[in-house]
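Visitor: model this:
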Amino acid sequence: MAELSHPRVLFFVEGHTDIRFVVGLSEICDLTMAVPARAYADSGLKARVAASGARLHVHEIAGGRASFQLRSAAFLWNAVRDFDVVFSQEMLRGSVNATLVGAIRGVPVVTSMALPPLEYFRCRRERGQIGAASAWAGETAIRSLLFINGKLATKCLALGPYLRAVAGRCCERTEPWHYYGVDVTTFRPASSDERIALRKKLGLPLEKFLIVLSSRISHEKDPETVLRAVAGARAAGLDAIVLNLGGGYEQFLALARTLDVPEVSSWVMGRPAAHPMTELADYIRAADALLQGSLEEGLGLSPLEALACDVPVVATDVGGLAHLDGYATLTARRDADGMTRAVLAIASDPAAARRHAQRGREYVRRCWSRDVAFQSLRGVLTDIARGRAATREALCSSRM
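Guide: Below you'll find the model as predicted:
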């Protein structure tokens, strides 16, 4: 049996996951990760894991969505008893395999929730990406998966208070989770001289008011409002530029060209996703502000990373972003004018804005740091592993 302070954990991934979580998880347990082979390679995670030096075993499962579902069920059935705990990402189709097999084979399964699945799906309908029939079918499927996983999971870990309430509707055994947290030693404040040096290193304009949008371009995000807000600030006389870092940065640039805003080529920038452990922090530390526009949001880790750097944040007051009240400036949903006013306020008194952001850094250090995240998760996984070991020992004693 593995040492219970370092349990054997199978991290079961349905789609994409973050290198920061994989590395941190590998530090607190004896880790095996089961992943869809195609997504693992295409997302760049395979290369990042190899470069990280993290200690783990990886089982790649081939095939598209349907074949992955079948092959992952077979893998779980044969392998699950080799582990003390299964940690399954999210509470949708992949986790059904994990929770069903875990319940039958007597292995505890912890599910997670880092985004609100129904609420994100509804953004597709709001954007006109799906019709009424598809929306009904999709919601029915999501509700069914949440119900099954909520009933069968040993525990659900939900990212932040908003998602804890969402997950709690389908799983009574829901507890708070911090995902990978924020590495406050990497995401740290930069002096004026450091910001200039960072911009030179990164090839960014030195004299512009630099706004970072560090999020993917997806149906639940609202980059349109961010672009209109920056355009409004420029119309008011602020020499601002906005930089999107993400795998969909080309979509961001294309989107900017479709909006009725002037001279986008001179102030809208995009670059591929920066490595979150070695590159991203420098971009944020060099910025004057971070904007997060969302139609729906589970928590908002990018704003927390910015606050850890004393960088002022403007975000939509929706979903899990509400916990930033008092540390960031929150604006109404799709309120470009309100976001413009917030940006201009930061630019008019940047020193005061950074002092306000300092309160956010203390909040991040206290509640959302990487150490807090993985110490908390270690406790959950260890307690579950010990509970399983005690049950097995009691069962063996009763048979003697």
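Visitor: in stretch 241-257, what counts as buried?
Guide: 241-246, 248-249, 251-253, 255-256 (16 or more other Cβ atoms under 10 Å). C-beta coordinates here come from the backbone N, C-alpha and C atoms, glycine included.
Visitor: contacting residues around that stretch?
Guide: For stretch 241-257, the external contacting residues (Cβ atoms under 8 Å, 6 or more residues apart in numbering) are 204-205, 208-218, 223-224, 226-227, 230, 264, 267-274, 280, 283, 287, 291.
Visitor: Need the buried ones from those selected in ChimeraX.
Guide: What follows is the ChimeraX syntax for the buried subset of these, where burial is set by 16+ other Cβ under 10 Å:
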select :204,208,209,210,211,212,213,214,215,216,217,218,223,224,226,227,230,264,267,268,269,270,273,274,280,283,287,291
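Visitor: Quickly list what residue 211 is bridged to.
Guide: As for beta bridges, residue 211 partners with residue 242, residue 289 under DSSP bridges.
Visitor: I'd assumed residue 287 was in contact with it.
Guide: Yes. Using Cβ atoms under 8 Å, residue 211 is in contact with residue 287, at 6.7 Å.
Visitor: Now do the one helix or strand residue 361 maps to: which elements does it pack against?
Guide: Residue 361 is part of helix 350-367 when elements are defined by DSSP states H and E. Judged by 3 or more Cβ pairs under 8 Å, 6 or more residues apart in numbering; DSSP states H and E, helix 350-367 is in contact with helix 301-308.
Visitor: got the contact list for the helix it packs on?
Guide: With contacts defined as Cβ under 8 Å, 6+ apart, helix 301-308 is touched by 179-180, 182, 184, 187-188, 212, 214-215, 280-281, 284, 287, 290, 292, 312-313, 315, 321, 324, 327-328, 357, 360-361, 363-365, 368.
Visitor: Stretch 188-195 now?
Guide: 198, 281, 285-286, 308-310, 354, 358, 361.
Visitor: change it to 10 Å
Guide: Residues from elsewhere that reach stretch 188-195 (Cβ atoms under 10 Å, 6 or more residues apart in numbering): 196-198, 204, 206, 210, 281-282, 284-288, 308-311, 350, 354, 357-358, 361.
Visitor: Which of the contacts of stretch 241-257 fall in strands?
Guide: 209-213, 268-271, 291 (DSSP state E).
Visitor: Adding distance to residue 15, write those residues out as CSV.
Guide: Putting those into CSV (distance: Cβ to Cβ, whole Å) gives the following:
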residue, distance to residue 15
209, 36
210, 32
211, 30
212, 25
213, 23
268, 29
269, 28
270, 23
271, 24
291, 27
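Visitor: Let me know the closest of those residues to residue 346.
Guide: Residue 346 lies nearest to residue 209 out of the ones in strands among the contacts of stretch 241-257, by Cβ to Cβ, at 8.5 Å.
Visitor: Spatially nearest residue to the closest one (excluding sequence neighbours)?
Guide: Counting by Cβ to Cβ, 6 or more residues apart in numbering, residue 240 is the residue found nearest to residue 209 once chain neighbours are left out, at 4.2 Å.
Visitor: I'd assumed residue 227 was in contact with the one you found.
Guide: No. Counting by Cβ atoms under 10 Å, residue 240 stays clear of residue 227, with 11.1 Å between them.
Visitor: which residues do those two both contact?
Guide: residue 267.
Visitor: need the contact list for residue 157.
Guide: By Cβ under 10 Å, 6+ apart, the contact set of residue 157 is 87, 110-114, 163-164, 167, 171, 173-179, 376-377, 380-381.
Visitor: Pull out the buried residues from those residues.
Guide: The buried subset of those (16+ other Cβ under 10 Å) comprises 87, 110-114, 163-164, 167, 171, 174, 177-179, 376-377, 380-381.
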